[in-house]
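**Q** Quick one: sequence plus predicted model below, questions after.
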Amino acid sequence: MTVEIVSNAAATSVIVPAFNEALSIGALIADLRAAARWREILVVDDGSADDTAARAAAAGARVIRHPYNKGNGAAVKTGIRQAAGVFVLIVDADGQHRPEDAVRLVAKLDQYDLVVGARSSATQATLFRRLGNRLLNAIASYLTRQRIPDLTSGFRAAQRARLAEFLHLLPNGFSTPTTTTLAFIKAGYSVWFEPVHAAPRQGASKIRLAPDGVRFFMILLKVITIYSPLRIFLPVSATTFLLGAGYAAWTIATQSHVTNSSVLLILLSVVIFLVGLVSEQISSLRFEGPRS
């Protein structure tokens with residue numbers, strides 16, 4: 001292990017958001033402690049009904065408990081606020097991530113502001129999740145004009161001060177990884193995707209097909225409307241304008257007049273374009289909110 005990795009780990013607070021993860025939390029903390037000498041390991045127990053908090057404390061972690069379940073994102077925000085390290089490493093509590101990969105992520109924080117553990121598609125559990133993540137990755141890559149191999153990975157390391165800038169943007173639910181990745185890229189910070197292996201999770205997944213299908217759709221809307229709205233509004237506006245202009249040209253050639261429908265399509269294209277401009281300005285202002 002190099003001096004650089006050791007120094008980065010010693011300045012890193014490991015944040016583990018946990019909800020009913022008693023089966024895996026103890027072994028995870030033991031493995032993390034064996035992998036490096038961290039600044040601290042901070043487990044945020046998000047209102048668990050089992051003995052997650054007790055097992056985490058017994059394994060040597062500092063434990064903060066939410067009085068009730070607030071969501072994965074809320075637990076991450078609590079961890080960032082309470083972290084004492086210069087760097088933070090966020091690790092899922094389900095035992096999917098290898099401690100040696102955690103060390104590799106932290107080692108790159110001298111060069112990058114955010115390092116994301118990018119999982120291969122083969123290590124993602126179900127076909128539904130693989131297809132959903134591929135669609136999200138494709139949309140995010142289009143919006144940011146940068147290849148994003150894994151937008152939703154919760155396994156990530158960052159400079160704490162940089163993450164604190166975006167606390168006002170982070171949701172309380174499961175789309176925190178999406179938000180932080182896009183926020184860092186939009187703000188012009190350096191982001192690196194480090195290939196990692198994700199093992200099968202221990203215990204039951206918190207993801208459910210029906211409710212999380214709705215959540216997935218809402219994440220898509222959020223990605224489109226918050227981060228780069230003009231990248232969506234402009235093509236829609238251009239398509240509507242071409243339809244209206246084309247229809248107008250056809251009616252002039254065949255009927256010697258312009259119909260109301262073609263005029264309405266052209267006006268609609270102008271309205272969509274103007275709404276896109278306003279949305280783009282609002283999107284920019286969201287990144288100038290209060291800093292933590």
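**A** Arrived safely. Numbers count the residues shown, from 1 in each chain.
**Q** so I15 touches D92, yeah?
**A** No - contact criterion C-beta atoms under 8 Å: I15 and D92 do not qualify, at 10.5 Å. Heads up, the C-betas are built off the backbone N, CA and C, glycines and all.
**Q** higher neighbour count, those two?
**A** I15 (26 against 20; other C-beta atoms under 10 Å).
**Q** Determine the three-state secondary structure at the more buried one.
**A** The three-state label given to I15 by DSSP: H, G, I helix; E, B strand; the rest coil is strand.
**Q** So what does V43 look like in phi/psi?
**A** phi -100, psi 120 (degrees, to the nearest 10).
**Q** residues near it, how many?
**A** By other C-beta under 10 Å, the residues close to V43 number 29.
**Q** confidence score at it?
**A** Here, the pLDDT recorded for V43 equals 97.
**Q** For stretch 170-187, buried residues please.
**A** 170-171, 173-186 (16 or more other C-beta atoms under 10 Å).
**Q** ok, residues contacting the helix or strand containing I80?
**A** Using DSSP states H and E, I80 maps to helix 72-82. For helix 72-82, the external contacting residues (C-beta atoms under 8 Å, 6 or more residues apart in numbering) are 13, 15-19, 42, 44, 46, 64, 66, 88, 90, 154, 160, 163-164, 167, 170-176, 179, 206, 292.
**Q** And stretch 189-201, by the same measure?
**A** Counting by C-beta under 8 Å, 6+ apart, 24, 92, 94-98, 101, 104-105, 108, 111-120, 123-125, 146, 148-150, 153, 155, 162, 181, 184-185 sit against stretch 189-201.
**Q** Keep only those of the residues you listed that are in helices.
**A** Secondary structure from DSSP state H places S24, D101, R104, L105, R162, T181, F184, I185 of the contacts of stretch 189-201 in helices.
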